[in-house]
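**Q** Structure, please.
(2 chains)
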Amino acid sequence: MSGLTYDVVVVGAGIVGAACAEECARQGLRVAIIDRDVIGGGATAAGMGHIVVMDDSEAQFALTRYSQQLWQQLRQELPADVEYEPCGTIWVATDEEEMAEVRRKQNYYAQRGVPTEVLDPQTLERLEPNLRKGMAGGLLVPEDVVLYPPCAARFLIERAQGAGAKLHLGSSVSQIGNGLVRLADGTEFSAAAIINAAGAWASALNPGVNVKKRKGHLAITDRYPGFIRHQLVELGYLKSAHSTSADSVAFNVQPRKTGQILVGSSRQYGAEHGEVDTGVLTRMLQRAQEYMPRLAELSTIRVWTGFRAATPDKLPLIGPCLGDPALFLATGHEGLGITTSLATARLLVDQIAGRNPAIPIEPYLPSRVPAEHAYA
Amino acid sequence: MPEPITVTVNGTSLAVPGGATVAVAIVLAGAACRKSVTGETRGPLCGMGICYECRAVINGQLHCRSCQIICQPGMEVRTDE
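**A** This is a model prediction of the structure:
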């Protein structure tokens, strides 16, 4: 087949691929987006939709903050079904050790211009009366946002299409590289640049790309408006999210605009299949109930799993792939892809178009991490 | 006929036969169980706790399946949310 020639072909119509396609199309590039499934059908649909500033590392802070500001700029244009809700995050501290972490975090954010508020136990109880009594306090980060990721991805894809991008859904990609994208049905696209935004499946397309599946579970309740008012995350979450080997769970709950409550979270390496793991689910829900006993009275209507794309150093891969300068990676966002999608798109298109990036790009370049040995 | 008991549906007292489910009390009160997301009124369909159409607020607890709960004296039932 001939004629399928583009400036950029984006593989993956999750939030990251959608953002990359939109950014490329807005630059006037001829763009095609390919997904084997639907828009936002992978981690984008499975995850929570928390636009959150994080401080695990300077590079993670820079990327999350930059991207959060891009979401804020986009806010007025987002349709209602994206459910953009600036409800803020409260990091919940159970003891004095965690309150010390609250103060460290506040200081870190204050030095970098992110407003926060330290909450004493009484204020925390007033803001979130369904938390267990006797918490040590918390840190409110008011500029953090909750949204509904699949609709955000669809919005970005539609903007890309409005700027001329072509969308191909239900098309499995069998091979990418050297300026060619080949579909399972034999169709070929040629492109000056190819973006692998296939999330946890990026390494299936480019063996050697160092991302691993990190499975997560979520549950959602029926509608209980006002039961919680902020995204609530335990400070111990850091210990859980940082663990690179053991299965872990953490208290992480999110109010949806419908009044439903998303209940998380879990992290597992080495779990390749999508079935609900009742052991992990039980631990996750028990953890949530330790923080919020009345969750036990609520009706949970659905439970599901998804796969984060995890890298060894907890930072995404944004930039050219080693050995093929026309092949770019935009994956490895782990649990932060909704937050960092817009900044990822900017930084990637900065590289493709030769623009100056707003933040240093080096910490996210794929060349920083050794490639995994491809298995024969 | 069992002894009647008194419950409250949307603030109005109502006598129902002992052993009646809350869904019965709601029907006797002439109310619908709940409203859907798009505002349609809903009521018991399967009568066996599967369809969730009969959810109502019982003693302040949201989303109770009224067809599976037996009326108790003084029970407060709300169907207006």
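**Q** Tell me, please, the helix or strand in the chain that averages the lowest pLDDT.
**A** As the question left the chain open, I've gone with chain A. Across the helices and strands of chain A, mean pLDDT, DSSP states H and E gives its lowest value to helix A:237-242, namely a mean of 62.
**Q** Chain B was what I was after
**A** Using mean pLDDT, DSSP H and E, the weakest-scoring helix or strand in chain B turns out to be strand B:34-35, at a mean of 90.
**Q** near chain B, which residues of chain A?
**A** Taking CB under 8 Å from any CB of the partner chain as the criterion, chain A approaches chain B at residues A:Asp222, A:Arg223, A:Tyr224, A:Thr258, A:Glu297, A:Leu298, A:Ser299. Yep, even glycine has a C-beta here, placed from its N, CA and C like the rest.
**Q** Where does the prediction get shaky in the stretch 151-300 of chain A?
**A** In the predicted model, the stretch 151-300 of chain A carries pLDDT under 70 at residues A:237-245.
**Q** where along it do the strands fall?
**A** Secondary structure of the stretch 151-300 of chain A, counting by DSSP state E, counting those that start in this stretch: strands at A:166-169, A:173-177, A:180-183, A:188-196, A:212-221, A:231-234, A:248-255, A:261-269, A:300-310.
**Q** Can I get these in a markdown table including distance to B:Cys33 and mean neighbour count?
**A** Converted to a markdown table, the strands of the stretch 151-300 of chain A look like this (distance: least, CB to CB, whole Å; neighbours: other CB atoms under 10 Å in any protein chain shown):
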| stretch | distance to B:Cys33 | mean neighbour count |
| --- | --- | --- |
| strand A:166-169 | 39 | 17 |
| strand A:173-177 | 49 | 18 |
| strand A:180-183 | 50 | 18 |
| strand A:188-196 | 50 | 22 |
| strand A:212-221 | 19 | 22 |
| strand A:231-234 | 31 | 25 |
| strand A:248-255 | 25 | 24 |
| strand A:261-269 | 22 | 23 |
| strand A:300-310 | 17 | 18 |
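**Q** got a list of what the residue nearest in space to the middle of chain A touches?
**A** Central residue of chain A (CA atoms, centre = their mean): A:Gly337, 2.1 Å from the mean position. Under the criterion of CB atoms under 8 Å, 6 or more residues apart in numbering or on different chains, the contact list for A:Gly337 reads A:Gly14, A:Ile15, A:Val16, A:Ala43, A:Thr44, A:Gly47, A:Gly199, A:Arg308, A:Ala309, A:Pro316.
**Q** what do you get if the cut-off is 6 Å, keeping everything else the same?
**A** Remark: with contacts taken as CB atoms under 6 Å, 6 or more residues apart in numbering or on different chains, A:Gly337 is in contact with A:Ile15, A:Val16.
**Q** Ok, A:Ala21 next?
**A** Taking CB under 6 Å, 6+ apart as the contact definition, A:Ala21 lies against A:Val10, A:Val31, A:Ile33, A:Ala160, A:Ala165.
**Q** about what we covered before: may I ask which two of the residues of chain A next to chain B are separated the most?
**A** A:Thr258 and A:Glu297 (18.5 Å; CB to CB).
**Q** Could you list the low-confidence segments of chain B?
**A** Under the criterion pLDDT under 70, the flagged ranges of chain B are B:1, B:81.
**Q** Please identify the residues of it in proximity to chain A?
**A** By the rule CB under 6 Å from any CB of the partner chain, the part of chain B lying against chain A is B:Leu62, B:His63.
**Q** all helices for chain B, in order.
**A** In order along the chain, chain B carries the following helices (DSSP state H): B:22-28.
**Q** From B:Pro4, how far out is A:Gly41?
**A** Taking CB to CB, to the nearest Å as the measure, A:Gly41 and B:Pro4 are separated by 55 Å.
**Q** Those two: who's more crowded?
**A** The neighbour comparison of A:Gly41 against B:Pro4 (other CB atoms under 10 Å in any protein chain shown) goes to A:Gly41, with 18 against 13.
**Q** Can you give the contact residues for stretch B:40-55?
**A** Around stretch B:40-55, the neighbours that count as contacts under CB under 6 Å, 6+ apart are B:Ala23, B:Ala32, B:Cys33, B:Arg34, B:Lys35, B:Ser36, B:His63, B:Arg65, B:Ser66, B:Cys67, B:Gln68.
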